[in-house]
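*Asks:* Using only what follows, build the 3D model:
(one chain, ligands or ions: 1)
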Amino acid sequence: MALSEERVLEALRTVMDPELGKDLVSLGMVGEVRVEGGRVDLLVNLTTPACPLKGQIEADIKRALAPLGAEEVRVRFGGGVRPPERYALPGVKHVVAVASGKGGVGKSTVAANLALALSREGARVGLLDADLYGPSQAKMFGLEGARLKVDQNRRILPLEAHGIKVLSIANIVPPGQALAWRGPILHGTLKQFLEDVNWGELDYLVVDLPPGTGDVQLSLSQLTQVSGGVIVTTPQEVALIDAERAADMFRKLQIPVLGVLENMSFFLCPHCGKPTPIFGEGGGKRLAERLKTRFLGEVPLTLALRESGDKGVPILVQDPEGEEAQAFLRAARELAAALSVQTFLTLPMV
Ligand SMILES: Nc1ncnc2c1ncn2[C@@H]1O[C@H](COP(=O)(O)OP(=O)(O)OP(=O)(O)O)[C@@H](O)[C@H]1O
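*Replies:* Coordinates of the predicted model:
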């Protein structure tokens, strides 16, 4: 099996901080993982820059990574960032991450409409566009070029659209600039998004992640307590394989997978209303079964849904009674139920 950032991360779960008796990943000490060919570059943040156990930790890391076939392992140490930067966002009950393995499966469309559907069900909702490489929420909500305001404490106020709070990297950084970002800058920006933004009181903060498995997922899990993740896929085999990898990444980061939502399940003809399963049938459901998680439902491929995204008026606003909006509302109810169960299960036992 090829060397990958995920496999390195998995192996690092077996390396314990000798003092704290917990693994480096759970402790949020792994600041950066980069794999290039046979070379692995790691940034490990220590409890203190002067940690006397540096040598031992480095040796343990190298021992853990040896079976993966890495030719060279370079460990850099950072320090002084204890306790781990993971914290629950003040005022935010649940952070829900929306991910896909493959690009273009409609993850951003789903994140936007799920957020709106949760709000229609009565929740206070925010939507953070963390798809730093291809931010699309500002466009999706007709907020391109909107000016941001700050509160009296100089914290950024998210924009508001159709009853939810929305903030996209596209509102802050000129288009294209974020493309060049790598680990540390990306981590810092996400941190700012979470800490320096006045989200107010929210039941759900929906986070639209970039496609694939990478730095943003890792940073998000280190920066905040993520209640759970939603996997978006189309029924196509290529999308399902990648979706499974995205689910694996969530698991490795100890983020529970709340459910699988299948997008573009069938093409709904605007003329005759006939459904055609262009990308095959049942893939999302089978994936949910394999992952032992909920199936959040099927969203059809429709002309109206594509047009609504381009126009900046999400389908839930444009046609709340339509089949697409109803599918998102059903998915949002399932998701809310999954989160309640999750919260109940993780309550400390008395
Ligand atoms: N069910 C659907 N029916 C019709 N068009 C859709 C549907 N879902 C998404 N689209 C369209 O497909 C395109 C890609 O969708 P979107 O940007 O949501 O995908 P994504 O997975 O977030 O992409 P990326 O990988 O770039 O982040 C958009 O034009 C969107 O309007």
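
*Asks:* quick check, the longest strand along the chain touching the ligand?
*Replies:* Taking DSSP state E as the criterion, the chain has its longest strand at strand 257-268. Yes - applying Cβ under 6 Å from any ligand atom, one finds strand 257-268 in contact with the ligand at 263-264. The C-beta positions use only the backbone N, C-alpha and C, and glycine is treated the same way.

*Asks:* What segments of the chain are strands?
*Replies:* Going by DSSP E, the chain shows strands at 30-36, 39-46, 72-79, 92-99, 125-129, 149-150, 156-157, 159-161, 164-168, 202-208, 228-233, 257-268, 275-276, 294-301.

*Asks:* residues making contact with the fourth one?
*Replies:* Yep, that's strand 92-99 we're talking about. 89, 107, 110-111, 114, 126, 199, 201-209, 211, 217, 220, 224-232, 246, 249-250, 255, 258, 335, 339, 343 (Cβ atoms under 8 Å, 6 or more residues apart in numbering).

*Asks:* Out of those, which end up buried?
*Replies:* Those of those that meet the buried threshold are 89, 107, 110-111, 114, 126, 199, 202-209, 211, 217, 220, 224, 226-232, 246, 249-250, 255, 258, 335, 339, by 16 or more other Cβ atoms under 10 Å.

*Asks:* Export the strands of the chain to TSV and append columns for distance to His187 and mean pLDDT.
*Replies:* Compiled in TSV, these are given as follows (distance: least, Cβ to Cβ, whole Å; pLDDT from 0 to 100):
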stretch	distance to His187	mean pLDDT
strand 30-36	7	87
strand 39-46	10	88
strand 72-79	11	86
strand 92-99	16	93
strand 125-129	15	96
strand 149-150	22	90
strand 156-157	18	92
strand 159-161	24	96
strand 164-168	17	95
strand 202-208	15	94
strand 228-233	19	96
strand 257-268	23	95
strand 275-276	43	90
strand 294-301	29	97
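
*Asks:* Dump these into TSV; add distance to Ile185 as well.
*Replies:* Converted to TSV, the strands of the chain look like this (distance: least, Cβ to Cβ, whole Å):
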stretch	distance to Ile185
strand 30-36	11
strand 39-46	13
strand 72-79	14
strand 92-99	20
strand 125-129	17
strand 149-150	22
strand 156-157	18
strand 159-161	23
strand 164-168	17
strand 202-208	18
strand 228-233	24
strand 257-268	28
strand 275-276	44
strand 294-301	33
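
*Asks:* who's in contact with the residue of the stretch 151-300 of the chain found nearest the ligand?
*Replies:* Nearest residue of the stretch 151-300 of the chain to the ligand (Cβ to the nearest ligand atom) works out as Pro211 at 4.1 Å. Pro211 sits next to 99-105, 107, 131 when contact means Cβ under 8 Å, 6+ apart.

*Asks:* Quick check: phi and psi on it?
*Replies:* phi -70, psi 160 (degrees, to the nearest 10).

*Asks:* what's the helix or strand of the chain with the lowest mean pLDDT packed up against?
*Replies:* Least confident helix or strand of the chain, by mean pLDDT, DSSP states H and E, is helix 183-195 with a mean of 80. For helix 183-195, the packing partners by 3 or more Cβ pairs under 8 Å, 6 or more residues apart in numbering; DSSP states H and E come out as strand 30-36, helix 215-223.

*Asks:* So which bits of that helix are buried?
*Replies:* 183, 186-187, 189-191, 193-194.

*Asks:* near the ligand, which residues of the stretch 1-150 of the chain show up?
*Replies:* Counting by Cβ under 6 Å from any ligand atom, the stretch 1-150 of the chain sits next to the ligand at 100, 103-109, 131, 134, 136.

*Asks:* of the residues you listed, closest to Ala288?
*Replies:* Ser100 (14.3 Å; Cβ to Cβ).

*Asks:* residue contacts, that closest one?
*Replies:* Here Ser100 is in contact with 106-107, 211, 231-233, 239, 242-243, 246 (Cβ under 8 Å, 6+ apart).

*Asks:* Just give me the least confident of those residues.
*Replies:* Within the set of those, pLDDT is lowest for Pro211 (87).

*Asks:* Next, count neighbours for the nearest residue to Asn113 once chain neighbours are set aside.
*Replies:* Of all residues not flanking Asn113 in the chain, Phe328 sits nearest, at 4.3 Å (Cβ to Cβ, 6 or more residues apart in numbering). Counted by other Cβ atoms under 10 Å, the residues lying close to Phe328 total 29.

*Asks:* ditto for Gly212
*Replies:* 17.

*Asks:* Check the gap between the closest residue to it other than its chain neighbours and Ala138 for me.
*Replies:* With sequence-adjacent residues excluded and distances taken as Cβ to Cβ, 6+ apart, Gly212 is closest to Gly101, at 6.4 Å. Using Cβ to Cβ, to the nearest Å, one obtains 24 Å as the distance from Gly101 to Ala138.

*Asks:* Arg76 now?
*Replies:* On the measure of Cβ to Cβ, Arg76 and Ala138 end up 35 Å apart.

*Asks:* Have a look at those two and say which one is more surrounded.
*Replies:* Ala138 (23 against 11).

*Asks:* any idea how far the more buried one lies from the ligand?
*Replies:* Separation of Ala138 from the ligand (Cβ to the nearest ligand atom, to the nearest Å): 12 Å.

*Asks:* Repeat that for Glu58.
*Replies:* Taking Cβ to the nearest ligand atom, one finds Glu58 at 37 Å from the ligand.

*Asks:* Perfect, I'm done here.
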